[in-house]
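*Asks:* Please find the sequence and the predicted model below.
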Amino acid sequence: MRNLWGRRGHARVDYVTAPVLYLLARRARLSPVPRRWADIFVGLILLAVTTTRTSLGLVRVVPFRWHGRLELASVAAQLALPWLAGFSGERRARHFFLGFATYNFLVWRATDWSAEE
């Protein structure tokens, strides 16, 4: 897969992803536990994008490559979360998080993590 965007493009994607994830979690009618986890990821995405060294970061303290490493770790967490948090039996919630992890991996893969500002 070819890199589609660099720092600024990835930040834009993150700024769009957070509110969309929030809305999708409600639209999917997730039960309280998975919905709470979705909200946690919304907060983590916003924390990451606002603190990363990009032109769209508000407090630019996190190196862009670290952001990428943390994002990849979050993909692993999203994949395991239905089983770790005890909602793997909820088909809708399980598929929601597996889909979110897939989306997040594709965003990670499409980003040029060595891109200059």
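*Replies:* Right, received. Where do you want to start?
*Asks:* Could you report the neighbour count for residue 9?
*Replies:* Residue 9 is surrounded by 18 other residues when neighbours are defined as other CB atoms under 10 Å. Backbone N, C-alpha and C define where each C-beta goes, glycine included.
*Asks:* And residue 74, by the same measure?
*Replies:* Other residues within reach of residue 74, judged by other CB under 10 Å, total 20.
*Asks:* Could you give the number of residues near residue 97?
*Replies:* Applying other CB under 10 Å, we find 26 other residues in the vicinity of residue 97.
*Asks:* Tell me if it really is in a helix.
*Replies:* Yes: looking at residue 97 with DSSP: H, G, I helix; E, B strand; the rest coil, it is inside a helix.
*Asks:* isn't it right up against residue 80?
*Replies:* No: shown here, residue 97 and residue 80 do not form a contact pair, counting by CB atoms under 8 Å, at 9.1 Å.
*Asks:* Check residue 115 and give its pLDDT.
*Replies:* Per-residue confidence (pLDDT) for residue 115: 84.
*Asks:* tell me the contacts of it?
*Replies:* When the contact criterion is CB atoms under 8 Å, 6 or more residues apart in numbering, the partners of residue 115 are 3, 5, 6, 7, 64.
*Asks:* Including secondary structure, neighbour count and pLDDT, could the residues you listed go into a markdown table?
*Replies:* What follows is the contacts of residue 115, written out as a markdown table (DSSP: H, G, I helix; E, B strand; the rest coil; neighbours: other CB atoms under 10 Å; pLDDT from 0 to 100):
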| residue | secondary structure | neighbour count | pLDDT |
| --- | --- | --- | --- |
| 3 | coil | 14 | 84 |
| 5 | strand | 15 | 91 |
| 6 | coil | 17 | 92 |
| 7 | helix | 21 | 92 |
| 64 | helix | 22 | 95 |
